[in-house]
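Undergrad: how would this look folded up:
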Amino acid sequence: MIAASARLLRLLAVLATRPSWTCAELAERTAVTERTVRRDVARLRELGYVVDSEPGPWGGYRLRAGTHIPPLILDDEEALAVAVGLREAALSGAVGGDQAALSALLKLRQVLPGRIADRLAGADAAFVRTPRPDEPQITAGLLLELAAACRAGERARLSCRDGQGRATLRDVDPYRLVHTGRRWYLVARDVPAGSGAPSAPTGWNGSSPPGSRPT
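TA: Predicted coordinates for the structure are as follows:
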């Protein structure tokens, strides 16, 4: 059972390194027979990984996104990079509230090998952060919603406040999100009232920069 589990992890790591692999290539990389590769691919599918297969001499296997998050295989440098990124997100509020980032970081630290945990602890001991301003942070959900609107080119309706603190409702065509280290800015085209397609309502809660009317 231990050998089979290790073999599955090895196959998963190989599948993730490039878009497509033939059965023969996977057998060579994992040092097993092609029959074992086909059996292991079937087992990965049972575990929730979505592995597409293409028939024919030039066909192969492709690992793609599924409907839920299966276990993720990371090498040492990737695990350290993820841990550092989560720590920065928790400390800076870059993705809104820090609870999600802290929770993910704690889960990761529990399973980090000692050699990686030691490197992360060394970085923690060397870094000093100044306190961030006591101001509301944009929520992670709203940040993702705005990022999706930028990517899809979808119009959004923002509930925000201008430089004088007055509430205003604006229709915008989002273009990019810009993070300066302490604040998020939305770069967007301001849409005149009564023009264009209807907007999906989106809130911009408390984290609007001064003079936040989109331009």
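
Undergrad: got the residue ranges for the strands in the protein?
TA: Applying DSSP state E to the chain gives strands spanning 50-53, 61-64, 156-161, 167-179, 184-191, 200-203.

Undergrad: residues contacting Thr30?
TA: Shown in contact with Thr30 (Cβ atoms under 8 Å, 6 or more residues apart in numbering): 7, 10-11, 14, 37, 40. For the C-beta atoms, the positions are set from N, CA and C on the backbone; glycine is no exception.

Undergrad: mind running it again at 7 Å?
TA: Going by Cβ atoms under 7 Å, 6 or more residues apart in numbering, Thr30 touches 7, 10-11, 14, 37.

Undergrad: give me the below-cutoff pLDDT ranges for the protein.
TA: 1-2, 57-58, 66-70, 91-99, 128-141, 144, 181-182, 194-215 (pLDDT under 70).

Undergrad: before we move on, back to that, tell me the one of the contacts of Thr30 nearest Ile116?
TA: Within the contacts of Thr30, proximity to Ile116 (Cβ to Cβ) peaks at Arg10, which comes in at 19.4 Å.

Undergrad: for Ala117, which residues are in contact?
TA: By Cβ under 7 Å, 6+ apart, the contact set of Ala117 is Arg109.

Undergrad: please apply the same query to the one 3 residues further on.
TA: By Cβ under 7 Å, 6+ apart, the contact list for Leu120 reads 80, 83.

Undergrad: for burial, what's the neighbour tally of Arg39?
TA: By the measure other Cβ atoms under 10 Å, the count of residues near Arg39 is 13.

Undergrad: do you know how far it is from Val50?
TA: Distance from Arg39 to Val50, counting by Cβ to Cβ, to the nearest Å: 17 Å.

Undergrad: okay, how far is it across stretch 61-72, tip to tip?
TA: From the first residue to the last, stretch 61-72 extends over 18 Å; the measure is Cα to Cα, to the nearest Å.

Undergrad: I meant stretch 170-187, not that one.
TA: Using Cα to Cα, one end of stretch 170-187 lies 13 Å from the other.

Undergrad: so which bits of it are buried?
TA: Buried positions in stretch 170-187, judged by neighbour count with 16 or more other Cβ atoms under 10 Å: 170-174, 177, 183-184, 186.

Undergrad: farthest pair within those?
TA: Across the buried residues of stretch 170-187 (Cβ to Cβ), the longest gap, 22.4 Å, separates Asp171 and Arg183.

Undergrad: quick check: buried residues in stretch 50-67?
TA: For stretch 50-67, a neighbour-count test (16+ other Cβ under 10 Å) marks 51, 60-61, 63 as buried.

Undergrad: which one of those residues is nearest Thr33?
TA: Checking the buried residues of stretch 50-67 against Thr33 with Cβ to Cβ, the nearest one is Tyr61 at 15.0 Å.

Undergrad: the closest one touches Arg18, doesn't it?
TA: No: contact criterion Cβ atoms under 7 Å: Tyr61 and Arg18 do not qualify, at 10.9 Å.
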